[in-house]
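In: Need a 3D model of the following:
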Amino acid sequence: MKSFRAYRLPCDVDYRGEVENREEYFSIAEVPEGFSEVQFRGRMLRGVAMDGVQGMVVCVTEEGKRREVIGKVSEGGLWYWNHDVVPNAELDTVPRAVRWMRIASVLSKPMGGVGAQQGDGGGEGAH
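Out: Just a heads-up that it's a prediction; the model follows:
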């Protein structure tokens, strides 16, 4: 599966695929406040690169259409952008969704408790 850097923009872009010369029209500038800024189609966007998402599978979904898996996120490769608003990991939907995916991943792993060691199949008395 292909690895790449992904950008979650606060607008619709009717294009799917690789972009050549991204820096030519999407030049990211670091600012002292700890986030980045970029001009896109005349609008100021503020964003950050998210940590801990390397290897997550990215898919594109559109209402009424099938899901299309496009690859895995490379290291430092998921950026999310807001219009005019400073990124906030506690309030913004993207980092909150990623946090829930991490929690779900941990919760879905088999537990290694006493019952698992004794071969208890989760029958009577299992909670």
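
In: what bridges to Trp81?
Out: Beta-bridge pairing of Trp81 under DSSP bridges involves Gly47.

In: quick one: buried residues of the helix of greatest length in the chain?
Out: In the chain, with assignment by DSSP state H, the single longest helix is helix 93-107. Neighbour counts over helix 93-107 (16 or more other CB atoms under 10 Å) mark 94-95, 98 as buried. For every residue, glycine as well, the C-beta is placed using N, CA and C.

In: In JSON lines: those, plus distance to Ala104 and pLDDT.
Out: Below are those laid out as JSON lines (distance: CB to CB, whole Å; pLDDT from 0 to 100):
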{"residue": "Val94", "distance to Ala104": "16", "pLDDT": "84"}
{"residue": "Pro95", "distance to Ala104": "15", "pLDDT": "85"}
{"residue": "Val98", "distance to Ala104": "11", "pLDDT": "82"}
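
In: returning to that earlier point: which neighbouring elements make contact with the longest helix of the chain?
Out: With contacts taken as 3 or more CB pairs under 8 Å, 6 or more residues apart in numbering; DSSP states H and E, helix 93-107 sits against strand 43-50, strand 68-83.

In: Could you pull out the buried residues of the first one?
Out: Applying a neighbour-count criterion of 16+ other CB under 10 Å, one finds 45-50 buried in strand 43-50.

In: Same question for stretch 10-26.
Out: Residues Pro10 are the ones in stretch 10-26 that count as buried (16+ other CB under 10 Å).

In: Need the distance between the two termini of that stretch.
Out: 14 Å (CA to CA, to the nearest Å).

In: Alright, I will stop here.
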